[in-house]
Structures are given as C-alpha cells and as structure tokens.
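**Student:** Next comes the sequence, and after it the predicted model I'd like to discuss.
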Amino acid sequence: MDYNKTRALLAKYWACETSEQEEADLRNFFASHTDALPEDLREAAPMFRYFHAAAGLELDMPQLDESIFVVQPVKPAAKVIRPFWQDWMKVAAILLMAFGVGYSIHQYEEKSASAVALKMDTYQDPQKAFEETQRALKLIAKNMNKGTRQMEKLAYFNEASEKVRAN
C-alpha cells in the first residue's frame, strides 16, 4: 500500500468512516513498515502497531463460579429517632408564617381604609373644604416658586452669555 492511500485511509479513520477491513489494512501497513515513515504518518504508527499486537493476543479470562456468591438477607434499616422538639419547630414555623400573612393583610386593609377616608369629599362642611383648598393652593404656590427661582438663574445666565457674544 502506498503512502497516499494510507493518508486517505487515515483521514477516513479520523472521520470515523472506515470499515473493519480498512482498519485491518491500516494495522497491517503500520506493522509491516517499521522503517522511516513520512512525518505525517509517524504520529499514528505507534497506535496502529499496538492495535496489531493486541489483536493477536487472546485474553484467557477464567470463568467465575457463581456458587461462590452468597446472598445475604437485607436487614431493615434502623428507625431514626428524632428529638421531640424538631416536630414542634415545624408547627411553630407554620404558625409564624400564618401570623405574618395575617398581619400583612390587616396592615393592607388599614392602609386601604385610611386612603378611602382621605378621598372623602369635604363639601358637606364648607369651612373644612375651604381650609383644604387653601392648603392645596399653598403647596402648589410653594412648588411653583421653586421653579421660578431656577428660571431666574437661567435668565441671568442667558443675559451674561448674550453680553459675551456681543463683545
């Protein structure tokens, strides 16, 4: 077998596409060519020489006598005894969670009730409605004045930049 055919078979071997006969040809080629091989074929030579040598060996494994195996009965597992407080810890954890959920629901209902109370109309009491309106308008005026002060600073900056551009 020439080197080009061997290279083609090796390429097929590495791609896992060779038949058993082609693999036997590769083993025989590398076993018979112990002389100088080209560099690309040298790295595969030891492996195929090993395969060739191992194919000639017959493994003589002794047969096991199954009568030597003794089947022993399996003992039931011992019952695990836990301390009594571990069961109570489970019950306490469940009660704690239930208390937490109940408390959360109670807080939510209180918050909802106070929000509804704040949204109630004050028109029934004109004096209270007037005070609420004044308070709301003062809050709006206060926030509007904050914005006005910022706009004054911006106007001052614009005047300064116009003076700089003019010069």
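**Tutor:** Right, received. Where do you want to start?

**Student:** okay, now Ala11: neighbour count?
**Tutor:** Around Ala11 there are 11 other residues, counting by other C-beta atoms under 10 Å. For every residue, glycine as well, the C-beta is placed using N, CA and C.

**Student:** secondary structure element for it?
**Tutor:** helix 3-14 (DSSP states H and E).

**Student:** longest helix in the protein, by residue count?
**Tutor:** helix 126-166 (DSSP state H).

**Student:** gap between that helix and the chain center?
**Tutor:** 51 Å (C-alpha atoms, centre = their mean, to the nearest Å).

**Student:** same for it, what does it pack against?
**Tutor:** Where contact means 3 or more C-beta pairs under 8 Å, 6 or more residues apart in numbering; DSSP states H and E, helix 126-166 is not packed against any helix or strand.

**Student:** In three-state terms, label the residue nearest to the spatial centre of the chain for me.
**Tutor:** Residue closest to the mean C-alpha point of the chain, counted by C-alpha atoms, centre = their mean, is Met97 at 29.2 Å. Recorded secondary structure, Met97: helix (DSSP: H, G, I helix; E, B strand; the rest coil).

**Student:** and stretch 133-150, C-alpha only, in CSV?
**Tutor:** The C-alpha coordinates for stretch 133-150 follow below in CSV (Å, rounded to 0.1, in the frame of the first residue of the first chain):
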residue,chain,number,x,y,z
THR,A,133,-58.3,74.2,49.3
GLN,A,134,-56.1,76.8,50.9
ARG,A,135,-53.6,74.2,52.0
ALA,A,136,-53.5,72.7,48.5
LEU,A,137,-53.0,76.1,46.8
LYS,A,138,-50.2,77.0,49.2
LEU,A,139,-48.5,73.7,48.4
ILE,A,140,-48.8,74.5,44.7
ALA,A,141,-47.6,78.0,45.1
LYS,A,142,-44.6,76.9,47.1
ASN,A,143,-43.5,74.4,44.4
MET,A,144,-44.2,77.0,41.6
ASN,A,145,-41.9,79.5,43.4
LYS,A,146,-39.1,76.9,43.5
GLY,A,147,-39.3,76.6,39.7
THR,A,148,-39.5,80.4,39.3
ARG,A,149,-36.2,80.8,41.2
GLN,A,150,-34.5,78.4,38.9
